[in-house]
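K.L.:
What follows is a predicted protein model with its sequence.
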Amino acid sequence: QLDPQAVLDSVPTGLWIDGRSVPSESGATFEVFDPATEEPLISVADATVADAAHALDRAAAAADSWATTAPRERGEILRRAFQLLTERADDIALLMTLELGRALPDSRAETKYGTEFLRWFAEEAVRINGRFTHSPTGTGRILVSHAPVGPCLAITPWNFPLAMGTRKIAPALAAGNVMVVKPAHETPLTMLVLAETFAEAGLPPGVLSVLPTTASKEVGTAVITDDRIRKISFTGSTPVGRNLLAQAAERVQRTSMELGGNAPFIVFDDADVDAAVEGAFAAKMRNGGEACTAANRFLVQSSVAEEFTAKLTEKMSAVRLGAGYDDGVTLGPLVSAAQRDKVADAVETAIADGARVRLGGKVPEGRGFFYPATVLDQVDPYSTVTRGEIFGPVAVISTFDSENDAIAAANSTEYGLAAYFYSRDLERCMRVAERLESGMVGVNRGVISDAAAPFGGVKQSGIGREGGAEGIEEYLSVKYVALT
Ligand code: ADP
């Protein structure tokens, strides 16, 4: 039985500093809204620059003892947090749907995905290896080890309130670092519950802080410009990422940047079209389209284009739009009026440029930031709508004639996060996977996220990887010790 009020009542609504929930020094709070009703859900403390300084002091005080805590013990705390979140999965899913809007099945999927990073990095904590060699000259020995990178700042977006936190926090903590997290003001609740869960799991005070704030820029800058911060991990838009990179340059801080995407989804004429439709639906509609890995442009070989489009349209038309927590709903509202308007503008632009509406395309009347499942075809693969991130339930379909044309169109973007394609020809699969300029490629798959795999982009989609064995390296610095 869903009990939204009980779930909201359980949220620690202060800032999370030094292992407890505390008010902001200014006493200020801000409201978190339900995107389905546009009504406030709850108020949380609004961190200021002074709160950031306080959090950093407490983090710095905890840094040494956490860095020297046995890796096994660090791993076991992560593992206990995994266990606690798994036991509370239903409540976490409901909480995410309340603050983010999206449908409960998507929130349940994220709960599973997001908690998996805790288990994965609990296991990685005890596998931080180095190496030992003799110098070729025979005059010395080379010992390579890894040290925690130092106090970290994580800035996370609203679209995956749990997973975007855990995939930074888990490797940072596993590697022996302390971390200050600034969640998006749209969705701070899940991160606060996560911090409390970590405390319950035995995480020492100061190791993890959470600073919800409406003053993102000021609080972000206050933390970044503190000499004690050695690493910045950001997931969000490319413009903000550029800005943070410039700020990090001032102090030569390490950075991981997970930025925007513009994923192509290619369907070749030798594909299993039904499987491609299933994959396309997942790649497009996971999280209501609010994912940086979402299929942003469909490129379909002309001979199968009508079959693919008709089948995808049929599948998209079966989506049930409504409040994310209502029974049977498979597509919730978008997170905010601003996001809904961005999606509506993208569709209007595409139509003005000649796209045909096969499904949806109109903002519904009434309250809530709803946008319907939409399919547009006859889209020019180089038109405006194919250049930006749509971030909504809108499938944009173009056609192509040759493999080279498909790859050229797919690569004609400054982004390079995810790409997908469907083909049953193994040689083509290898060739195309290699030619796509993308950090991640889904071959005959519409969902690629996996805690055990390195997530990240090339080109302006970012720097660094999260998850996999690579994910923990981002939080370690290499130390070479020369021996005689
Ligand atoms: P989105 O479009 O997903 O909201 P943003 O890049 O705007 O992407 O936001 C991602 C995260 O970055 C959020 O936590 C937001 O509050 C934060 N943010 C936005 N602008 C800044 C900034 N100038 N400095 C620090 N953090 C910022």
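P.N.:
Done, it's in. Numbering: from 1, shown residues only.

K.L.:
how close does the residue lying closest to residue 157 once chain neighbours are set aside get to the ligand?
P.N.:
In space, and not counting its chain neighbours, residue 157 is closest to residue 236: 4.6 Å by Cβ to Cβ, 6 or more residues apart in numbering. In short, each C-beta sits where N, CA and C put it, glycine included. Distance of residue 236 to the ligand, given as Cβ to the nearest ligand atom, to the nearest Å: 3 Å.

K.L.:
just residue 469 next, same as before
P.N.:
27 Å.

K.L.:
Now that residue. Nearest residue, chain neighbours left out?
P.N.:
In space, residue 469 is closest to residue 124, 7.0 Å off (Cβ to Cβ, 6+ apart).

K.L.:
how many other residues sit next to that neighbour?
P.N.:
Neighbour count for residue 124, taken as other Cβ atoms under 10 Å: 24.

K.L.:
where along the stretch 351-484 of the chain do the helices fall?
P.N.:
Residue ranges of the helices in the stretch 351-484 of the chain, as given by DSSP state H, counting those that start in this stretch, are 403-411, 426-435, 470-473.

K.L.:
Pick the most buried one from these.
P.N.:
helix 470-473 (a mean of 22; mean count of other Cβ atoms under 10 Å).

K.L.:
helices and strands around it, which ones?
P.N.:
Applying 3 or more Cβ pairs under 8 Å, 6 or more residues apart in numbering; DSSP states H and E, one finds that helix 470-473 contacts helix 104-124, helix 163-174.

K.L.:
returning to what we had before: assess the claim that the residue nearest to residue 157 and residue 256 are in contact.
P.N.:
No - with contact defined as Cβ atoms under 8 Å, residue 236 does not reach residue 256; the gap is 11.9 Å.

K.L.:
between the helices and strands packed on helix 470-473, which one is nearest to the ligand?
P.N.:
Across these, the ligand has its closest neighbour in helix 163-174 (9.1 Å, Cβ to the nearest ligand atom).

K.L.:
how about the residue nearest the centre of the chain, what does it touch?
P.N.:
With distances taken as Cα atoms, centre = their mean, residue 164 lies nearest the centre of the chain, 4.4 Å away. Going by Cβ atoms under 8 Å, 6 or more residues apart in numbering, residue 164 touches 156, 157, 235.

K.L.:
Now render these as CSV, adding pLDDT and distance to residue 130.
P.N.:
CSV is the format used below for these (pLDDT from 0 to 100; distance: Cβ to Cβ, whole Å):
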residue, pLDDT, distance to residue 130
156, 98, 30
157, 98, 34
235, 98, 29
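
K.L.:
was I right about residue 273 contacting residue 311?
P.N.:
Yes - between residue 273 and residue 311 there is a contact under Cβ under 8 Å: 6.8 Å.

K.L.:
and the host helix or strand of residue 240, C-alpha only, in PDB?
P.N.:
Per DSSP states H and E, residue 240 falls inside helix 238-250. Listed next in PDB are the C-alpha coordinates belonging to helix 238-250 (Å, rounded to 0.1, in the frame of the first residue of the first chain):
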ATOM      1  CA  THR A 238      27.300  20.800 -21.000                       C
ATOM      2  CA  PRO A 239      27.200  24.600 -20.400                       C
ATOM      3  CA  VAL A 240      27.300  24.100 -16.600                       C
ATOM      4  CA  GLY A 241      30.000  21.500 -17.000                       C
ATOM      5  CA  ARG A 242      32.200  23.900 -19.000                       C
ATOM      6  CA  ASN A 243      31.800  26.500 -16.300                       C
ATOM      7  CA  LEU A 244      32.800  24.000 -13.600                       C
ATOM      8  CA  LEU A 245      35.800  22.900 -15.600                       C
ATOM      9  CA  ALA A 246      36.900  26.500 -15.900                       C
ATOM     10  CA  GLN A 247      36.600  26.900 -12.100                       C
ATOM     11  CA  ALA A 248      38.400  23.700 -11.500                       C
ATOM     12  CA  ALA A 249      41.300  24.800 -13.700                       C
ATOM     13  CA  GLU A 250      42.000  27.600 -11.200                       C
END
